[in-house]
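[1] Provided below are the primary sequence and the corresponding predicted coordinates.
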Amino acid sequence: MQDPNEDTEWNDILRQKGILPPKEEEITENEIIEMMEDKIHKANAGKSYEEMTLDELDELEDDEDERVLLQYRQQRIAEIKKLQQKEIYGSVKEISGIDYVKEVNEAGDGVWVVLHLYKQGIPLCTLINQHFAQLSRKFPATKFLKAVSTTCIPNFPDKNLPTIFVYFENDMKSQLIGPHTFGGMNLTVEDLEWKLSEIGAVKTDMEEKPKPKQRTTLTISSGRENNDDSSDDDY
């Protein structure tokens, strides 16, 4: 059975001829909020604070709390909608030199761009690309890019790899150049997230800087291990 409220040309013709009733108008969320605020206003009956009883003041306090919550909810809805409009990435895109201007310089208003220059065969570059994959999913409003270094900058020295450029609205905000900047292979995804949050490229939910990862040292000796508790009598 066809829905009489469905938006189709046939239903429009039937409504024009009076065969179908007019389509029911949907109540928007803003209209609901306005109705609630109107209800709160009427409940006060136009009285001043001095004219109200203690019970009426208690009711007013409850109504004021409800009004504040409604305003906060409306504000959060607007913020979420604005954020959702920007959440258009969610993955790492590979680019080359010919894409640089379009993908980086012309990324658009309010868009943070994080570009990783890398080269195959460099372990730390591989690690950062893995971290980028995780961070791009966590922060879909940020544009994560990667490019083989020499495809973007001819003769870019390998000693400067990995390198990360951070842009905002065609303005370079930061450069992270060389393995020492990242702490070598001890770099965790949390470390990188914190670095990018300090620049402003992502909004982290971490409350403090990650603690340095403990390095473990493996000692290999020839023959049997030196153990004070052992003696020749054990053999």
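    The structure has been received and is ready for your questions.

[2] how does the chain divide into domains?
    When the chain is parsed with automatic domain parsing, its domains come out as 26-44+52-78, 92-199.

[3] checking my notes, Leu176 in a helix, right?
    No. Looking at Leu176 with DSSP: H, G, I helix; E, B strand; the rest coil, it is strand, so not inside a helix.

[4] where does the nearest residue to it once chain neighbours are set aside land on pLDDT?
    The shortest distance from Leu176 to any non-neighbouring residue, by C-beta to C-beta, 6 or more residues apart in numbering, is to Ile164 (4.2 Å). Quick note: C-beta positions are derived from backbone N, CA and C, even for glycine. pLDDT recorded at Ile164 is 98.

[5] Leu117: what secondary structure?
    strand.

[6] from Pro212, how far out is it?
    Taking C-beta to C-beta, to the nearest Å as the measure, Leu117 falls 25 Å from Pro212.

[7] one more: Ser149?
    From Ser149 to Pro212 the distance is 28 Å (C-beta to C-beta).

[8] neighbour count: these two, which is higher?
    Looking at Ser149 and Pro212 with other C-beta atoms under 10 Å, you find the greater number of neighbours at Ser149, namely 21 against 10.

[9] so which helix or strand takes in the residue nearest to Leu176?
    With secondary structure defined by DSSP states H and E, Ile164 is part of strand 163-168.

[10] strand partners (parallel or antiparallel) of that strand?
    According to DSSP bridges, strand 163-168 has the following sheet partners: strand 112-118 (antiparallel), strand 171-177 (antiparallel).

[11] for that strand, list the C-alpha coordinates in CSV.
    The C-alpha trace of strand 163-168 is given here as CSV (Å, rounded to 0.1, in the frame of the first residue of the first chain):
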residue,chain,number,x,y,z
THR,A,163,59.4,14.3,7.8
ILE,A,164,55.9,15.6,8.7
PHE,A,165,54.6,18.9,7.5
VAL,A,166,51.5,20.3,9.2
TYR,A,167,49.4,22.9,7.3
PHE,A,168,46.3,24.9,8.2
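
[12] contacts for it, please.
    104-105, 107, 111-117, 128, 149, 156, 172-178, 196, 199-201 (C-beta atoms under 8 Å, 6 or more residues apart in numbering).

[13] buried sites along it?
    Neighbour-count burial for strand 163-168, counted by 16 or more other C-beta atoms under 10 Å, picks out 163-168.

[14] next: stretch 170-183.
    Neighbour count says stretch 170-183 has 174, 176, 179, 182 buried, by 16+ other C-beta under 10 Å.

[15] quickly name whichever of these is closest to Leu124.
    Distance to Leu124, by C-beta to C-beta, is smallest for Pro179 among those, at 5.4 Å.
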